[in-house]
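sequence below, structure please.
(one chain, ligands or ions: 1)
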Amino acid sequence: MKTMTCKQLGGACDKEFHANTFDEIAELSKKHGMEMFQMGDEVHLMAMNEMQELMKSPNNMKAWFDNKRKEFDLLPEN
Ligand SMILES: [Zn+2]
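Numbering: from 1, shown residues only. Okay, here's the model as predicted:
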């Protein structure tokens, strides 16, 4: 298992996610983001807006994901 925080995954808090693959951890962070969104959490709303800006460009989005995937791959197992 590897660990990344909400912040590391483009979010806004220090909540930790644990997963074996990057896709899994991205899914966990997305779910958490949606929950925070539904609760109207301001810092997460701001972080999500920034992500949405980024995702307007498919190239930027791909670069972001490639980058995070690399970061995940380099993390030590825990
Ligand atoms: Zn969070």
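
so which elements touch the helix or strand K68 falls within?
Per DSSP states H and E, K68 falls inside helix 58-74. The contact analysis (3 or more Cβ pairs under 8 Å, 6 or more residues apart in numbering; DSSP states H and E) places helix 58-74 against strand 2-5, helix 22-38, helix 42-55. All C-beta atoms are positioned from the backbone trio N, CA, C, and that covers glycine.

ok and that helix relative to helix 22-38, angle-wise?
Put simply, helix 58-74 runs at 120 degrees to helix 22-38, going by axes from the mean of the first three to the mean of the last three Cα atoms, to 10 degrees.

gap between the residue positioned nearest the centre of the chain and the ion?
Nearest to the geometric centre of the chain sits L9, at 2.6 Å (Cα atoms, centre = their mean). Going from L9 to the ion by Cβ to the ion, to the nearest Å gives 9 Å.

contact residues of this structure facing the ion?
Residues of the chain found near the ion (Cβ under 5 Å from the ion) are C6, G11, C13, K15.

circling back to that earlier point, quick check: closest non-adjacent residue to the residue nearest to the centre of the chain.
Once flanking residues are discounted, L9 sits nearest to S29: 4.0 Å by Cβ to Cβ, 6 or more residues apart in numbering.

how about the one you found, what does it touch?
M4, C6, L9, G10, G11, F17 (Cβ atoms under 8 Å, 6 or more residues apart in numbering).

would you point out the most distant pair within those residues?
Pairwise distances across the contacts of S29 (Cβ to Cβ) peak at 12.0 Å, for the pair G10 and F17.

report how many residues lie close to the closest residue in space to L75 that isn't next to it in sequence.
Excluding its sequence neighbours, the residue lying closest to L75 (Cβ to Cβ, 6+ apart) is K2, at 4.6 Å. By other Cβ atoms under 10 Å, 19 other residues sit near K2.

pretty sure K2 is touching E77, no?
Yes - here K2 reaches E77: they are 6.3 Å apart, a contact under Cβ atoms under 8 Å.

on that earlier part again, distance check, the residue nearest to L9 against M46.
16 Å (Cβ to Cβ, to the nearest Å).
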